[in-house]
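J.: here is my input, please return the structure:
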Amino acid sequence: MNVMHRRQFMRQLGVSAASLPFLSCLPSLTGAPEARRRQRVVIMFSPNGTLPGEFWPDQEGEDFQFKSILEPLEPFKKSTLLLKGVYNRIVGDGDQHMRGMSCLLTASKLLPGNIMGGGGQPAGWAGSISIDQELKRFLQSRPETRTRFGSMEFGVAVPNRSDPWTRMSYLGANQPVAPVDDPYQMFAKMYGQVKDRDSLLSILDDVKEDLRKVSGKLSAWDKQMLEQHVSLVRKMEQELSAPLDQAIEHVMPPPDSGIELINDNTPKISRVQIDLLVNALANDMTRVATLQYMRSVGQAQFRWLGIEEGHHSLSHDPDDNKESFAKLQKINQWFAGEFAYMAQRLSQLPEPGGQGSMLDNTLLIWTNELGKGNSHTHENIPMVLVGGGAGLKMGRSLRFDKAPHNRLWLSLAQVMGHSELTTFGQPDLCVDGPLPLG
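T.: Model (predicted):
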């Protein structure tokens, strides 16, 4: 069914434009082949490095044990691939945090600029496209993998500022993409323009009659997808109807405009954003997404974990500061828990029109701008892969010898079908080809 036929079909049924977000992904209305396997990728970012001794397993291969930080991933061990020895080897302008953040997904140098970094090292924005946007460009170029949005950029507690410490996605050189960290704004983007909270929470009531009309004309697969879509949206409405500030225990103004204080409701907002992200994937609104927590050099205060100090300040403390070490351990384990929650949500949903779960067809990647906070190293940057979307052999812990992360992104592109891509980011760091992931 082409676009004109789809419009005629909708017009004949008397379906309103408000129903289009629910129907635009259905194969019989888009002309997409029903049997084609979907591949999806989600890249999650958390800031300020990790604690290597509590992060990387001691063992290689399949017989590995999770350290404390990664314990929340235990239910997904057989679906996990840990990559130690991946380095961000991009040098040039900017400080380690700036290059760690804005070169993380672009794998190329920052442009010259006047944004002053730590130690008096100025820089500009990234100098090339990021891997998520490259995958979007590729998938959107083919009718069979084209989706409504192409990519979606989610944020959690990302401050209202724009600089190389706050942006990891780039459409191209000097073109940063801002994540959306307001779940109401993201919900409105997915399901249409709304004027107020009440209209946001009555979307299904407005379109239920239209959906009933269409449902009787759909194939069994399309009907299943539509029912799942409606169920997910109803769940999101229930989540959004709860006041986001109802659990605030400590409210205080920021000490200055350069430090963001993370609201005590960050855990709830995180889960709402993850649910929205999963919803978007389930309904084929996108097959590429990013989920950015806070920012590089961010001073988030994890008060829900009993931690009052800023995250970045804690990350600078020496390893023998046992109190700071324990707090950083809790912070990083919390991020692992959110990553595990995303995997859990996907594992609980059957693949629409296919076999297995959505996790079987989605690759989740969790990374960081630094390998270790107090040393600001770009060595051994965290790379945790969970899921089955890339067809890789999972359930392993692999080690590489200072492999440029350019090669990892090149591997990701190729397993996603983008095989004509032979270099990514800085070309001289791709001379050894894609990283062998098996």
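
J.: I'd like the next helix or strand past the longest helix belonging to the chain.
T.: If you go by DSSP state H, the chain has its longest helix at helix 322-347. Using DSSP states H and E, the helix or strand that follows helix 322-347 towards the C-terminus is strand 362-367.

J.: angle of that next one against helix 322-347?
T.: For strand 362-367 and helix 322-347, the angle between their directions (axes from the mean of the first three to the mean of the last three C-alpha atoms, to 10 degrees) works out to 170 degrees.

J.: for the closest residue to F302 other than its chain neighbours, give me its contacts.
T.: Taking C-beta to C-beta, 6 or more residues apart in numbering as the measure, F302 lies nearest to I331, with 5.5 Å between them; neighbours along the chain are not counted. Using the backbone N, CA and C atoms, a C-beta is placed for each residue, glycine as well. I331 is in contact with F302, L305, I307, H311, L314, counting by C-beta atoms under 8 Å, 6 or more residues apart in numbering.

J.: mind pulling up the pLDDT for I331?
T.: The per-residue pLDDT reported for I331 equals 98.

J.: try G425
T.: For G425, the model assigns a pLDDT of 98.

J.: how many neighbours does the closest residue to it other than its chain neighbours have?
T.: Taking C-beta to C-beta, 6+ apart as the measure, G425 lies nearest to A107, with 2.7 Å between them; neighbours along the chain are not counted. The burial metric for A107, expressed as a neighbour count using other C-beta atoms under 10 Å, is 27.

J.: just to revisit the earlier point, narrow the contacts of I331 to just the buried residues.
T.: Buried members of the contacts of I331, counted by 16 or more other C-beta atoms under 10 Å: F302, I307, H311, L314.

J.: what would the contacts of I331 look like in a markdown table with pLDDT?
T.: Formatted as a markdown table, the entries for these read as follows, by pLDDT from 0 to 100:
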| residue | pLDDT |
| --- | --- |
| F302 | 94 |
| L305 | 96 |
| I307 | 95 |
| H311 | 95 |
| L314 | 97 |
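
J.: mind checking which of those land in helices?
T.: Among those, the ones falling in helices (DSSP H) are H311, L314.

J.: for the contacts of I331, give me JSON lines that also has distance to D210.
T.: As requested, the contacts of I331 are exported to JSON lines (distance: C-beta to C-beta, whole Å):
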{"residue": "F302", "distance to D210": "44"}
{"residue": "L305", "distance to D210": "45"}
{"residue": "I307", "distance to D210": "48"}
{"residue": "H311", "distance to D210": "46"}
{"residue": "L314", "distance to D210": "52"}
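
J.: return the member of the contacts of I331 nearest to Q121.
T.: For these, the closest approach to Q121 (C-beta to C-beta) belongs to H311, at 22.0 Å.

J.: quick check, the closest one in contact with A300.
T.: Yes: H311 is in contact with A300 according to C-beta atoms under 8 Å; the separation is 4.5 Å.

J.: any residues in contact with both of these two?
T.: Residues touching both H311 and A300 (C-beta under 8 Å, 6+ apart): P47, M294.

J.: returning to that earlier point: so which of the contacts of I331 is the closest to F187?
T.: The closest of the contacts of I331 to F187 turns out to be F302 (C-beta to C-beta; 25.6 Å).

J.: surely that closest one meets Q333?
T.: No: at 10.8 Å, F302 and Q333 do not qualify as touching, with contact defined as C-beta under 8 Å.

J.: what about the chain, any weak spots by pLDDT?
T.: The model of the chain has pLDDT under 70 over residues 1-36, 192-204, 206, 217, 221, 225, 228-229, 232, 235-263.

J.: what is the helix or strand where D205 lies packed up against?
T.: Secondary-structure assignment from DSSP H and E places D205 in helix 203-215. In this structure, helix 203-215 makes packing contacts with helix 3-13, helix 20-23, helix 220-241, judged by 3 or more C-beta pairs under 8 Å, 6 or more residues apart in numbering; DSSP states H and E.

J.: one more pass at 10 Å, please.
T.: Secondary structure elements in contact with helix 203-215, counted by 3 or more C-beta pairs under 10 Å, 6 or more residues apart in numbering; DSSP states H and E, are helix 3-13, helix 20-23, helix 183-191, helix 220-241.

J.: got the CA positions of the helix or strand just after the longest one in CSV?
T.: Translated: helix 220-241. Scanning forward in sequence from helix 220-241, with DSSP H and E defining helices and strands, the next element found is helix 266-282. Included here for helix 266-282 are C-alpha records, laid out as CSV according to Å, rounded to 0.1, in the frame of the first residue of the first chain:
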residue,chain,number,x,y,z
THR,A,266,15.6,11.3,38.7
PRO,A,267,14.9,7.6,39.3
LYS,A,268,11.2,8.0,38.3
ILE,A,269,12.0,10.2,35.3
SER,A,270,14.6,7.6,34.2
ARG,A,271,12.1,4.8,34.2
VAL,A,272,9.5,6.9,32.4
GLN,A,273,12.1,7.7,29.7
ILE,A,274,13.1,4.1,29.4
ASP,A,275,9.5,3.0,29.0
LEU,A,276,9.0,5.7,26.3
LEU,A,277,12.1,4.5,24.5
VAL,A,278,10.9,0.9,24.6
ASN,A,279,7.5,2.0,23.4
ALA,A,280,9.1,3.8,20.5
LEU,A,281,11.1,0.7,19.5
ALA,A,282,8.1,-1.6,19.9
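
J.: next, the angle from helix 266-282 to helix 183-191.
T.: Angular relation of helix 266-282 and helix 183-191 on a 0 to 180 degree scale: 10 degrees, by the same axes, to 10 degrees.

J.: can you count the residues close to S419?
T.: When counting by other C-beta under 10 Å, one arrives at 11 neighbours for S419.

J.: wait, it touches A413, no?
T.: Yes: using C-beta atoms under 10 Å as the test, S419 is close enough to A413 to be in contact (8.0 Å).

J.: so the residue nearest to F302 versus L370, what's the distance?
T.: When distances are taken as C-beta to C-beta, to the nearest Å, I331 and L370 turn out to be 14 Å apart.

J.: got it, and T50?
T.: Distance of T50 to L370, given as C-beta to C-beta: 8 Å.

J.: what does V278 give?
T.: In this view, V278 and L370 are 28 Å apart by C-beta to C-beta.

J.: same deal with D93?
T.: In this structure, D93 and L370 are separated by 18 Å, where distance is defined by C-beta to C-beta.

J.: ok, now which ones touch the nearest residue to A340 once chain neighbours are set aside?
T.: The spatially closest residue to A340, leaving aside those adjacent along the chain, is P72, at 4.1 Å (C-beta to C-beta, 6+ apart). P72 makes contact with F66, Q333, W334, F335, A336, G337, E338, F339, A340, Y341, A343, Q344, according to C-beta atoms under 10 Å, 6 or more residues apart in numbering.
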